[in-house]
Structures are given as structure tokens and as C-alpha cells.
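**Student:** everything below, folded, please.
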Amino acid sequence: MERRTREESLLPTLQLLSYAIIASLALLMSLKAGSLPASRWEPMSAGAFPRIIFLSIAVLCTIAFVTELFKQGLPRTTWATCLQSIVKLKTVIVNLVLFIAYMAFLPWLGFMTSTFLYLSAAQILMAPKRLTAIVIALLVAAVFSAGPYYLFSEVFSIYLPRARW
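**Tutor:** Below is the predicted model of the structure:
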């Protein structure tokens, strides 16, 4: 058996972890899709098709997980290697956390406020820390939060979530 570097030994671990996370999230979304309202006139509810898709994703990820486990065996890596890799992905992880917070607060803060806060935070995180860059980031966030809101409401007559406060 050939010897792997620390980085190479981390890949199978991350692959198995991603299969497990995607399968878990697909099962959760399948449960959420099952709670969609049903119609009296349709034989299948509104959540039937999304449920089939999410359950298929969960089954495929489970099969991939088991297949990879039998092919490679249990992955061996150290916590130090994992933490080093996570530190390298700091910006990606923070952006993911910001996006999850954006989706969580969207129903309460409304589209314009939550989109403005998300875009501002994400751009300021990634932009150079200069006053002009921050001002431009805030202007871009304002345009891309108010612009689509008014476009959808005035042109398409589609109303995006409004603030509940």
C-alpha cells in the first residue's frame, strides 16, 4: 500500500463527510416537502415530486458512502490536518454561514433588508479594507437589494417577502 501525504489522506474523509451531510439534508428536505399542502383535485400532493427527488438524492449518497467505505476503508487522518484545511477555507465557511443566516432571517427581515445586510457583509468580508471599497460595497448592496425588489413587484407583480416588524 502506498503512503499518502496528510493532504491526500484528508480527501477520503471529506468525501465521506460530504456524502453524509448531503444525504442528511436531503432527508430533512424530504420531510419538509411532505408538509406542503395537498389539493383535493390532484392525486399527488404538491410535495410528492420534491419528496421523490430528495429521497433519491439521499439513497444515492448513501450508496456512494457505503461503496466508498468498502473500496477505501475507514479514512485515517489527524485533527491537526483537518483544522489546517478548515483554516484555509475560512472565507468560504464564513460566506456559507452568512448565506444560511440570510435565508433564516429572510422571512422576518424581508427581502430588501436581509439582502442588503447579506450582500454588505459578504462584500466587506472579501473586499480590501479601504473606505472607497466599503462605500462601493454598500452602494452595490443597496442597488442589488432594492433593484430586484422593485423590478419583481412593479414589473412582474411578484411580491418578495416583506419585513414582519
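
**Student:** okay, and the residue nearest to Cys61 when sequence neighbours are not counted sits in which element?
**Tutor:** Leaving out its chain neighbours, the residue that sits closest to Cys61 by C-beta to C-beta, 6 or more residues apart in numbering is Ala23, at 3.7 Å. All C-beta spots, glycine's among them, are computed from the backbone N, C-alpha and C. Secondary-structure element containing Ala23, defined by DSSP states H and E: helix 6-34.

**Student:** what does the very next helix or strand once past that helix rub up against?
**Tutor:** For helix 6-34, the succeeding helix or strand toward the C-terminus, using DSSP H and E, is helix 48-72. Applying C-beta atoms under 8 Å, 6 or more residues apart in numbering, the external contacts of helix 48-72 come out as 12, 15-16, 19-20, 22-24, 26-27, 29-30, 33-34, 36.

**Student:** re the thing from before, what's the angle from the helix holding Ala23 to helix 48-72?
**Tutor:** 160 degrees (axes from the mean of the first three to the mean of the last three C-alpha atoms, to 10 degrees).

**Student:** so which bits of helix 6-34 are buried?
**Tutor:** Buried residues in helix 6-34, defined by neighbour count with 16 or more other C-beta atoms under 10 Å: Leu10, Pro12, Thr13, Leu16, Tyr19, Ile22, Ala23, Ala26, Leu27, Met29, Ser30, Ala33.

**Student:** and stretch 119-127, how far from the chain's centre?
**Tutor:** Its chain's C-alpha centre and that of stretch 119-127 lie 17 Å apart, by C-alpha atoms, centre = their mean, to the nearest Å.

**Student:** mean confidence for it?
**Tutor:** What stretch 119-127 shows for mean pLDDT is 94.

**Student:** again with stretch 134-141
**Tutor:** Averaged across stretch 134-141, pLDDT comes to 95.

**Student:** name the element the nearest residue to Leu125 once chain neighbours are set aside belongs to?
**Tutor:** Nearest-residue entry for Leu125: Val94, 6.2 Å, with adjacent residues in sequence omitted and distances by C-beta to C-beta, 6+ apart. Secondary structure from DSSP H and E places Val94 in helix 90-126.
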